[in-house]
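In: Model the following, please.
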Amino acid sequence: MEKELFDIDQLISNRFLGTITPDNDQLLDKWIGEKIENQRYFSEQKKLWELFTMHQKMQQIDEHKAFQKISAQLFTRKKRNILAYIQRIAAIMLIPVVIASSIYILSEKTERKQQATVYNTAETPLGMRSSLVLPDGTKVWLNAGSKLRYPVLFSEKYRAVELCGEAYFEVKKDKKWPFVVTSGNMNIVVSGTTFNCNAYDENNQIETVLVEGQVTVINESATISKELLPNELAIFSKNNQQIVKSKINPEKYIAWKSGKLMFRDDKMDLVVEKLERWYNVEFEIKDKEITNYIYTATFIDESLDQVLKMLSLSAPIRYSVSERSKLGDQTFEKQTVKLYKK
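Out: Numbering: from 1, shown residues only. The predicted model follows:
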C-alpha cells in the first residue's frame, strides 16, 4: 500500500509539471475515480499546487495587475468546503499539506528516498493561552480554544499550516520559502511578517490584522485578494467570500498575546464572546437590549468575579453566576453567567 501511494504521489506531481506520459495519465485518472477519498486528496493537492504557482508568479510581476489573470487560469475549479472532509482523509504531500491529521503520513520524495513525516496538532484549551516555535523558527501564540496543525518538517518549497481559532504569528523571513495559513475557506500568504488571525469556526468572519511586513489574503476560489500593509485589518466573510480591509490601531486585536483583554467601543455580544473563551464559562443574556451596549475597558489578570463587578458598575447590568456541579466523570460543569438589565 505504501509503495502504491508513493507511485500515485509521483504521478500527480508529473501531471502538475506537465511531464506525465499518456499511459500514466490514464492510470492516474483510474485511481482518482476509484473512491471519493482519492478525488478529495487530488483536489486538495491541486489547490495547494495552484497557490504555490500563483505566489511564485506574484513574486516576479506586478501583483495587482497579474492576480486576476493568474486566478482565471489556475482557479477555475468548483468551490469545495475543505473542512467538510479533512477529518476523513490523511494525505501524501506534494507540497505541505495545510490540512492534515495528527498521524504519520508519507511525504514527498527527496533524492528518490521514501520518508515519513509527522504532523503535529498544537491545541490550547478554553481559559488558557500558549506559544510554540515551528520547525522553521516561526513563533506562534495561540489564544484560548485554538488549534494549529503543522508538519514537523516543512517542504522545501512551502511552509503551510492550518489554523482554527486565533493565533499571533511572527513568521521567519524567507522570500523564497512562502508561509501559508489556511483557515476555513481563506488563505493568508506571507514570506516573513508579523500578524494576527482570528478564525474561530463559530464566527461568520475571519479577521487578519497586520502588525509588520506584508500579507496577501485570498479567498478559497482565488478570485479575490487583498494586500495588507501594517496597521490594516482584513475582514473575510465566510458567507459571500468577500474581503474588506480598513485602517486600524492593532493594539486591541493583539493585546491577548500579552495577557490583556482589551475592548474599545465594542458591543456587549463581542465582549461576552471573548469572556467565554478567556474564562471558560458560558454566558446567557436574558435581556436582548444588553447586546447593543457599547463597552470600553482593559483587563489584566482580573478574576471573572472582578470583571463582572466592573461590568455591572459601568453599565446598567446585573448578573448571577451558577455553582459548578460535579459530573459523573468527576469533572465539573462550566459555570453559567446570566446577565440582566438593571
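
In: Tabulate the CA atom coordinates of stretch 230-247 in CSV.
Out: The C-alpha trace of stretch 230-247 is given here as CSV (Å, rounded to 0.1, in the frame of the first residue of the first chain):
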residue,chain,number,x,y,z
PRO,A,230,0.9,47.4,8.7
ASN,A,231,-2.0,48.6,10.8
GLU,A,232,-4.6,47.3,8.4
LEU,A,233,-7.4,44.9,9.1
ALA,A,234,-8.9,42.5,6.6
ILE,A,235,-12.3,41.0,7.3
PHE,A,236,-13.2,37.9,5.3
SER,A,237,-16.9,37.0,5.1
LYS,A,238,-17.5,33.2,5.1
ASN,A,239,-20.9,33.7,3.6
ASN,A,240,-20.1,35.7,0.4
GLN,A,241,-16.3,35.2,0.2
GLN,A,242,-15.7,39.0,0.1
ILE,A,243,-12.7,40.7,1.8
VAL,A,244,-12.9,44.2,3.2
LYS,A,245,-9.9,46.0,4.6
SER,A,246,-9.5,49.1,6.7
LYS,A,247,-7.0,51.1,8.7
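
In: which parts of it are buried?
Out: Neighbour-count burial for stretch 230-247 flags 232-236, 238, 243, 245 (criterion: 16 or more other Cβ atoms under 10 Å). No exception for glycine: its C-beta is placed from N, CA and C like everyone else's.

In: what's the answer for stretch 300-317, then?
Out: Within stretch 300-317, the residues that count as buried by 16+ other Cβ under 10 Å are 304, 307-308, 311, 315, 317.

In: State the mean pLDDT of that stretch.
Out: Across stretch 300-317, the average pLDDT comes to 92.

In: Tell me the gap between it and the middle of its chain.
Out: 31 Å (Cα atoms, centre = their mean, to the nearest Å).

In: Likewise for stretch 293-300?
Out: On Cα atoms, centre = their mean, the centre of stretch 293-300 falls 27 Å from the chain's centre.

In: What are the buried residues along that stretch?
Out: Of the residues in stretch 293-300, those buried under the neighbour-count criterion (16+ other Cβ under 10 Å) are 293, 295, 297, 299.

In: Dig out what the second one forms beta bridges with.
Out: Translated: residue 295. For residue 295, the beta-bridge assignment (DSSP bridges) gives partners residue 266.

In: show me where pLDDT drops low in this structure?
Out: The chain contains residues with pLDDT under 70 at 1-7, 50-117, 330.

In: Which residue ranges of it form helices?
Out: Using DSSP state H, the helices of the chain run over 2-17, 22-34, 36-58, 63-74, 251-254, 268-279, 304-314.

In: which residues sit against the second one?
Out: Okay, so that is helix 22-34. 8, 11-12, 14-15, 20, 38-39, 42 (Cβ atoms under 8 Å, 6 or more residues apart in numbering).

In: filter these to the buried ones?
Out: Among the contacts of helix 22-34, those classed as buried by 16+ other Cβ under 10 Å are 8, 11-12, 15, 20, 38, 42.

In: What are the structural domain limits within this structure?
Out: Annotated domains of the chain cover 82-250, 259-341 [automatic domain parsing].

In: Now render the ones you listed as a markdown table, adding distance to residue 48.
Out: Shown next, in a markdown table, are these (distance: least, Cβ to Cβ, whole Å):
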| stretch | distance to residue 48 |
| --- | --- |
| domain 82-250 | 5 |
| domain 259-341 | 30 |
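
In: circling back to that earlier point, the buried residues of stretch 300-317: which two are farthest apart?
Out: Maximum pairwise distance among those (Cβ to Cβ): 16.4 Å, between 304 and 315.

In: Residue 297 contacts residue 313, correct?
Out: No - using Cβ atoms under 8 Å, residue 297 is not in contact with residue 313; the gap is 10.5 Å.

In: could the buried ones among the contacts of helix 22-34 go into CSV alongside distance to residue 160?
Out: Listed next are the buried ones among the contacts of helix 22-34 as CSV, based on distance: Cβ to Cβ, whole Å:
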residue, distance to residue 160
8, 20
11, 22
12, 17
15, 20
20, 24
38, 21
42, 17
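
In: So which of those residues is the closest to residue 177?
Out: Lowest distance from residue 177 to those (Cβ to Cβ) belongs to residue 12, with 22.0 Å.

In: Kindly provide the distance from the closest one to residue 28.
Out: To residue 28, residue 12 is 7 Å away according to Cβ to Cβ, to the nearest Å.

In: For these two, list the residues in contact with both.
Out: With the criterion set as Cβ under 8 Å, 6+ apart, the contacts of residue 12 and residue 28 do not overlap.
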